[in-house]
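Colleague: coords please:
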Amino acid sequence: MKKGLHPENYRMVAFKDMSNDQVFLVKSTVNTRETITIEGVEYPLYKLEISSASHPFYTGKMKLVDTAGRVDKFMNRYKKHMENKQK
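Modeller: Next up is the predicted model:
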């Protein structure tokens, strides 16, 4: 491997999901200003708005949209208007 190619500041960083307070420890080079203590060890802290622990796609709590029902409602609402135009 080439020397000097990879960053020198790889370290364990705590990523905290602010929507559910879940914390992940991952090696990273991200710049941080805050720290957090986990099990007596201090780690740099990076705050996230959303992660796989809270994202609807990964948690399975997705809101299902009934598109067929929407189309039916639209057609019923404007049915009279369309019939009058055709006359």
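
Colleague: where do the helices sit along this structure?
Modeller: 56-59, 67-77, 79-86 (DSSP state H).

Colleague: Where does pLDDT dip in the chain?
Modeller: Scanning the chain for pLDDT under 70 picks out 1, 52, 54-71, 82, 84-87.

Colleague: Quick one: the strands in it, in order.
Modeller: 11-17, 22-28, 34-38, 41-48 (DSSP state E).

Colleague: Deepest in the core, which of the ones you listed is it.
Modeller: Comparing those by mean neighbour count (mean count of other C-beta atoms under 10 Å), strand 11-17 comes out on top with a mean of 17. In short, each C-beta sits where N, CA and C put it, glycine included.

Colleague: Each with direction, which strands does that one pair with?
Modeller: The pairing partners recorded for strand 11-17 under DSSP bridges are strand 22-28 (antiparallel), strand 41-48 (parallel).

Colleague: now what about that strand, what contacts it?
Modeller: 22-30, 32, 36, 38, 43-51, 53-54 (C-beta atoms under 8 Å, 6 or more residues apart in numbering).
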